[in-house]
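# Got a predicted structure here, sequence first:
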Amino acid sequence: MSYPIVILGSGRGTNAEALLKAQSKKNLGSATVAAVFSDHEDARILALGQKYSVPAIFLDPGQKGARLSDAAEQAYIERIRSFSPKLIVLAGFMRIIRRPFIEAFDGRMINLHPSLLPSFPGIDGIKQAYDYGVKITGCTVHWVTPELDAGPIIDQKEVRIEESDTFDILSKKIHIAEHGLLPEVIARLSKGKIQPPKTS
C-alpha cells in the first residue's frame, strides 16, 4: 500500500536526503517521498529534486520572520494536498506552523527536533544542550501540535556528550542520530506500527 510523504525543509536537506537514500535502499517501509518543499529559493534541499528525481518546489513564505503569511500558508496547504500525502515531515523547516496549517493535515504531521524533548525546545537545541552542560542529549521525532515542540513524542535517540566533544563534534553526532531515527520512524509509520494521536 502506497504511503506518500512530503518533506518541508529550509536548509541543506541532510535529513531529507537520509530519507531519499533510505527509500532507494528499500529501508523506508512502504513510504515514498512524493515531493520536497522549501521556503528558501536557494536552499540546498531543493537540489535533491534533480538528484533523486522527485519534485522539489520553492514556495514563497510571503514574509520575513518565523511564520508564513496567511496567503503563503494557504498556498502551502493547497500544493501539499495536491500530492495526497499520508504524512508531512518537517525536517529543518525553520517556520513556526500555525493551527490552520496543522489542522489541515490533522494527525499527519511530524517534526524532527535536535534534542531530547521536552528539554531544549525551540531554536538551537543542540547549542542549548551543549551550553547547559548535560551529559546526554539526542534527537526527537514528535507529532506537530500548535504548541511549539510540545506534541506527543513518537521516538527518541540518545547521544552522549563526551568531555572532549566540541560543539561541532556534538552537532555531527546529533545529525548522525537524526539520519538513523527519522527513516526508522517513517518506516514504522508506513507499516501501521505507530498510530497517529487521537484528535478532538
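Happy to help now that I have it. Values in this document were obtained by computation on a predicted structure and should not be read as measured data.

# CA-only coordinates of the longest helix seen in the chain in CSV, if you can.
Across the chain, the longest stretch assigned as helix under DSSP state H is helix 167-190. In CSV, the C-alpha atoms belonging to helix 167-190 read as follows (Å, rounded to 0.1, in the frame of the first residue of the first chain):
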residue,chain,number,x,y,z
PHE,A,167,30.1,21.9,19.6
ASP,A,168,30.9,20.9,16.0
ILE,A,169,31.6,17.2,17.0
LEU,A,170,28.4,17.1,19.0
SER,A,171,26.4,18.6,16.1
LYS,A,172,27.8,15.8,13.8
LYS,A,173,26.8,13.2,16.3
ILE,A,174,23.3,14.6,16.6
HIS,A,175,23.0,14.6,12.8
ILE,A,176,24.1,11.0,12.5
ALA,A,177,21.5,10.1,15.1
GLU,A,178,18.8,12.0,13.2
HIS,A,179,19.7,10.3,10.0
GLY,A,180,19.1,7.0,11.7
LEU,A,181,16.0,7.8,13.7
LEU,A,182,13.8,9.6,11.1
PRO,A,183,13.8,6.9,8.5
GLU,A,184,13.2,4.3,11.1
VAL,A,185,10.1,6.2,12.5
ILE,A,186,8.7,6.8,9.0
ALA,A,187,9.1,3.1,8.0
ARG,A,188,7.2,2.1,11.2
LEU,A,189,4.5,4.6,10.5
SER,A,190,4.1,3.4,6.9
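
# Rounded mean pLDDT for it, please.
For helix 167-190, the mean pLDDT works out to 98.

# So which bits of stretch 170-181 are buried?
For stretch 170-181, a neighbour-count test (16 or more other C-beta atoms under 10 Å) marks 170, 173-175, 177-179, 181 as buried. Every residue, glycine included, has its C-beta placed from N, CA and C.

# hmm, who's touching the longest helix of the chain?
Contact with helix 167-190 is made by 3, 5, 14-15, 18-19, 22, 27-31, 86-87, 89, 91, 110, 112, 114, 126-127, 129-130, 137-139, 141, 154-159, 161, 165, 194, as judged by C-beta atoms under 8 Å, 6 or more residues apart in numbering.
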